[in-house]
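Peer 1: Could you work out the structure for the sequence below:
(one chain, ligands or ions: 1)
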Amino acid sequence: MIPINSHGLIWFISTQTQPTTKIERIHLLAGNFHIKKKYRQHPCTFMDAFLCAIMKNIEYAYWYDWRKKTENIPKDVRLYYGHETCEHLLPHQHTASEFAKYISDHRSSKLCLVTPFLTDAGIQKALKLIDCLLTVLYELEVICSDWGLLYYLSRHKIGTPVVGRLLAGQISDPRILRIVDDNHTPEPRKIRHVNGHHCVLKRKMPSNALKQHYKSCSIDKHETISFLTDSGIHRCELNNVAQGIELNLSGYTYSLHVPEVLVSVMRRCPGDGENLNQEAVCPCPGINSNQKIVWWCHHDLPVDLFRHDNALYYQWPELPANLDRLPIDRIVFNAENIGS
Ligand SMILES: [Zn+2]
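Peer 2: Presented below is the predicted three-dimensional model:
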């Protein structure tokens, strides 16, 4: 439980005469997001959970888009750098090397290179990038979205390989929220069969086993965890999914990405029209690809979705109410406006 009253905490933060950078960032973060009230199912507020995270000494990290300017990089934190969904949007070696020099000289931050799923050529490119960063940095975590790269890094003991969100096997469809929400009670609906009979459709409550399945991830199994641990892979990245998180096993370490939940990845980055007969790799022109964020909303969806590059996301800023019982020791802020 979190032994803190949220109003008291907010008062405490707002009356600091000289707020620290960390507190300023929390304020910025908490003020930036709003959630539809009817889906606010967790009793724990974002601020409560975030301060609980600080009290537990959870590390916090920022996602940094390498295509942006370097002025707003926070100091003394862990930075996530690279691209998670398109291999053409990984930074060039020279850019990455310059960035690594910049943060090691001026910022004393730690770097995690985020990599997407990769073609054979893409794996070679990612390995060169990792090599190039390791010549500058003392340590480097590599977040892998590709089993091939994860295997290679683990086998050759290169950097610190991490299981990325795309490999964690979490269910991130936002509609799951309604299935597990005990308070969601739609009106019974009459339907007519083809043979003329009528019946009434009522909501069936999900079993605890089904709820557990939706809140868990495929990594959370004895066999998988012992295989990963034996391979020298000790961390997995998770989405802060709207339905909440429950993990059966402790003994493994997770990072939680907030607030953007990765729902699915498309074949191509948007830009120059779609031709389904083309090769199944993204033809996007790298840094110059269309970075415009497009939002979708529909009355059937409990949250709005948005597309960024070639992936679909929604935002869920409320941390899990059971955060203190989960084996999560890092929170990664992955929204664009964080860290500025
Ligand atoms: Zn692309």
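Peer 1: Could you pull up the residues touching the residue nearest the centre of the chain?
Peer 2: Geometric centre of the chain, nearest residue: residue 257, 3.4 Å, by Cα atoms, centre = their mean. Residue 257 is in contact with 63, 165, 237, 238, 239, 240, 332, 334, counting by Cβ atoms under 8 Å, 6 or more residues apart in numbering. Yep, even glycine has a C-beta here, placed from its N, CA and C like the rest.
Peer 1: Kindly present those as CSV, with separate columns for distance to the ion.
Peer 2: Below are the contacts of residue 257 laid out as CSV (distance: Cβ to the ion, whole Å):
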residue, distance to the ion
63, 18
165, 18
237, 20
238, 24
239, 21
240, 25
332, 22
334, 18
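Peer 1: closest to residue 229 among those residues?
Peer 2: The closest of the contacts of residue 257 to residue 229 turns out to be residue 237 (Cβ to Cβ; 16.2 Å).
Peer 1: Double-check that closest one against residue 331; I have them as touching.
Peer 2: No - under the criterion of Cβ atoms under 8 Å, residue 237 makes no contact with residue 331, lying 11.1 Å away.
Peer 1: overlap in contacts of the two?
Peer 2: Joint contacts of residue 237 and residue 331 (Cβ under 8 Å, 6+ apart) are residue 255.
Peer 1: which one of the two has more residues nearby?
Peer 2: For the pair residue 237 and residue 331, the greater number of neighbours falls to residue 237 (28 against 22), based on other Cβ atoms under 10 Å.
Peer 1: What's opposite the more buried one in the beta bridge?
Peer 2: Note on residue 237: beta-bridge partners by DSSP bridges are residue 255.
Peer 1: Spell out the residue ranges of the strands in this structure.
Peer 2: Ranges of strands within the chain are 59-64, 78-82, 110-114, 141-144, 160-163, 189-192, 198-201, 235-239, 253-258, 260-265, 294-296, 305-308, 311-315, 328-333, based on DSSP state E.
Peer 1: who does the fourth one pair up with?
Peer 2: By that I understand strand 141-144. For strand 141-144, the pairing partners within the sheet under DSSP bridges are strand 110-114 (parallel), strand 160-163 (parallel).
Peer 1: Would you pull up how far the last one lies from the middle of the chain?
Peer 2: Right, the one you point to is strand 160-163. For strand 160-163, the distance between its averaged C-alpha position and the chain's averaged C-alpha position is 15 Å (Cα atoms, centre = their mean, to the nearest Å).
Peer 1: Can you tell me what sits against that strand?
Peer 2: Under the contact criterion Cβ under 8 Å, 6+ apart, strand 160-163 has outside partners 112, 139-144, 149-150, 153-154, 219, 228, 232-233, 235-237, 255.
Peer 1: One more: stretch 94-114?
Peer 2: 61, 63, 66, 70, 73-84, 91, 129-130, 132-133, 135-137, 139-143, 145, 159, 162, 164.
Peer 1: Drop the exposed ones from those and show what's left.
Peer 2: Among the contacts of stretch 94-114, those that count as buried by neighbour count (16 or more other Cβ atoms under 10 Å) are 61, 63, 66, 73-74, 77-84, 91, 129-130, 132-133, 136-137, 140-143, 145, 159, 162, 164.
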